[in-house]
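>>> Starting from these lines, generate the structure:
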Amino acid sequence: MSIHLQKEIERLKKNLLALSAIVEDSVYRAVKSLKERDEALARAVISGDNDIDLQEVEIEEECQKILALHQPVAYDLRFIIAILKINAELERIGDATVSIAERVLLLVTEDQVDAPFDFAAMAQKAQQMLHKSLDALISLDAGLAYDVITADNEVDAINREMYGQIEECIRRDSGRVNSFIHLMGVSRHIERIADHASNIAEDVIYLVEGRILRHHIGEYRRPEPGSE
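Reported below is the predicted structural model:
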């Protein structure tokens with residue numbers, strides 16, 4: 001690797017990690033605005049999405065510049081491809097936090113409903129997945145990335161259970177159907193955050209091992225030590 005390419009890649013890593021920190025904070029604030037019915041915080045999440053979008057575009061342009069000027073091959077090429085994909089996943093997570101915040105703004109106009117489900121626990125799992133997937137990227141730890149993918153099944157199961165509980169609440173209290181529908185939307189967007197974290201983990205595995213797992217969820221197996 002040339003010195004110039006190495007410097008460009010290090011700068012790219014730094015910028016991606018800066019974006020990931022902003023996105024993680026956006027997830028945290030969106031969930032907090034839901035728990036506390038905090039309209040001001042929800043609006044701050046929405047207004048902050050523009051910064052995420054701008055940084056996503058800048059990172060994509062950096063990747064394109066590196067590809068055009070340095071024409072990387074082998075691992076370096078795989079790294080740039082992985083960064084492009086992870087960058088896009090982070091932007092989509094930002095979009096999901098905006099969708100949660102928008103639901104919060106609608107919920108605060110309704111009477112608070114007494115719902116038998118814990119969004120905080122589901123959101124915490126999704127947040128942990130996101131954090132682990134980014135840790136896997138920093139440390140190039142494929143094992144940690146596999147753990148993230150496995151955890152996605154747990155969030156999917158919680159989301160399905162949540163839907164069933166919300167449907168039961170709607171049957172019992174049809175007068176508050178709007179609030180329950182908004183909560184259903186929140187559950188869906190939290191589940192999508194977990195999906196994007198899982199996608200980031202897949203990209204880390206591609207970067208480290210050169211294996212493409214997409215479209216094979218539920219079929220992959222973590223390689224045994226020494227089998228690669």
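
>>> phi, psi of Gly210?
Dihedral angles of Gly210 (phi, psi; degrees, to the nearest 10) stand at phi 80, psi 20.

>>> Look up how far Ile81 lies from it.
11 Å (C-beta to C-beta, to the nearest Å). Placement of C-beta: from N, CA and C, glycine included.

>>> Compare neighbour counts for those two and give me the winner.
Between Gly210 and Ile81, Ile81 has the larger neighbour count (other C-beta atoms under 10 Å), namely 16 against 11.

>>> what residues are up against that one?
For Ile81, the contacting residues are Tyr206, by C-beta atoms under 8 Å, 6 or more residues apart in numbering.

>>> Tell me the secondary structure at it.
helix (DSSP: H, G, I helix; E, B strand; the rest coil).

>>> Spell out which helix or strand contains Glu161, please.
Per DSSP states H and E, Glu161 falls inside helix 142-172.

>>> who does the strand or helix carrying Ala136 touch, helix- and strand-wise?
Element membership for Ala136 (DSSP H and E) is helix 119-139. In terms of contacts (3 or more C-beta pairs under 8 Å, 6 or more residues apart in numbering; DSSP states H and E), helix 119-139 is packed against helix 3-36, helix 142-172, helix 177-209.

>>> give me that answer again for 10 Å
If contacts are counted by 3 or more C-beta pairs under 10 Å, 6 or more residues apart in numbering; DSSP states H and E, helix 119-139 sits against helix 3-36, helix 74-107, helix 142-172, helix 177-209.

>>> which stretch among those helices comes nearest Ala120?
With C-beta to C-beta as the criterion, Ala120 lies closest to helix 3-36 of those, at 6.0 Å.

>>> Could you list the low-pLDDT ranges of the chain?
For the chain, the stretches with pLDDT under 70 are 1, 115-116, 214-228.

>>> and if we set it to 50?
Scanning the chain for pLDDT under 50 picks out the ranges 217-220, 226-228.

>>> which residues touch Ser133?
Shown in contact with Ser133 (C-beta atoms under 10 Å, 6 or more residues apart in numbering): 20, 86, 89, 144-145, 147-149, 151, 194, 196-204.
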